[in-house]
Each structure stands twice: as C-alpha cells, then as structure tokens.
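Trainee: one predicted model, sequence on top.
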Amino acid sequence: MSSKVNFNHISFQRKVNDALTAVERTLELERSPRLAEEVDHTYGAKYELVDITTNAAIIAFMTCLEKLGLNGLILGSIVEGA
C-alpha cells in the first residue's frame, strides 16, 4: 500500500516563516539578556536560569512544530506509539 504525500513548497515556506517569527517573539520576552557571570546572583539562581531557558526552548520548539502542522491529536498518537 503506497500513499502519496502532497507537498506544497509555498505553504511550507510560509509556515517556516511564521514559526521563525514566533521564535523571535519568544526570544524578545527577556528584554535585557546578559551572561550569568556578569550578574550578581545567589547559588540557587543558576537553577532558575536553567528552568527559564529550558521552558523558553520548549515553548519555541512546540510553536515551531505547531506552525508546521503538529496538533494535539497527532502528538497524542506519537506518544502512544512510543
């Protein structure tokens, strides 16, 4: 059984551009990013920094996947198949 995938390059390019725009918005949430070594902080602050950057990365990645067509139904079937 073979299936034909219909690929629309223009639509794909538009989705990629939309995803890039969403990533740029996500990155703009932190208005004054600086290196951690340049900022006075407590010992535990490094864990907060990792938490914030990890969450930003996850949100950006999920936004990209969503813009490329991944929805909750598809994600659920991927998780079930894993």
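Mentor: Cool, got the structure.
Trainee: okay, now the unreliable bits of this structure?
Mentor: Residues of the chain meeting the criterion pLDDT under 70: 1-5, 29-35.
Trainee: so who does Arg25 touch?
Mentor: By C-beta atoms under 8 Å, 6 or more residues apart in numbering, the contact list for Arg25 is empty. (C-beta placed from N, C-alpha, C; glycine too.)
Trainee: immediately after the helix or strand harbouring Asp18, which helix or strand?
Mentor: Under the criterion of DSSP states H and E, Asp18 resides in helix 9-27. Sequence order places helix 45-67 as the next helix or strand after helix 9-27, per DSSP H and E.
Trainee: got the buried residues for that following helix?
Mentor: 60, 63-64, 66-67 (16 or more other C-beta atoms under 10 Å).
Trainee: mind listing what's buried in the following helix or strand past it?
Mentor: Scanning forward in sequence from helix 45-67 by DSSP H and E, the next helix or strand is helix 72-81. Of all the residues in helix 72-81, not one is buried under the rule 16+ other C-beta under 10 Å.
Trainee: contact partners of helix 72-81?
Mentor: Residues contacting helix 72-81 (C-beta under 8 Å, 6+ apart): none.
Trainee: now the angle between helix 45-67 and it, please.
Mentor: 110 degrees (axes from the mean of the first three to the mean of the last three C-alpha atoms, to 10 degrees).
Trainee: dump stretch 69-78 to PDB, restricted to CA.
Mentor: The C-alpha atoms that make up stretch 69-78 are tabulated as PDB, following Å, rounded to 0.1, in the frame of the first residue of the first chain:
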ATOM      1  CA  GLY A  69       1.100  21.300  11.400                       C
ATOM      2  CA  LEU A  70       1.600  19.200  14.600                       C
ATOM      3  CA  ASN A  71      -1.600  19.300  16.700                       C
ATOM      4  CA  GLY A  72      -2.700  17.600  19.900                       C
ATOM      5  CA  LEU A  73      -4.200  14.600  18.100                       C
ATOM      6  CA  ILE A  74      -1.100  13.900  16.100                       C
ATOM      7  CA  LEU A  75       1.100  14.400  19.200                       C
ATOM      8  CA  GLY A  76      -1.100  12.000  21.200                       C
ATOM      9  CA  SER A  77      -0.700   9.300  18.600                       C
ATOM     10  CA  ILE A  78       3.100   9.800  18.500                       C
END
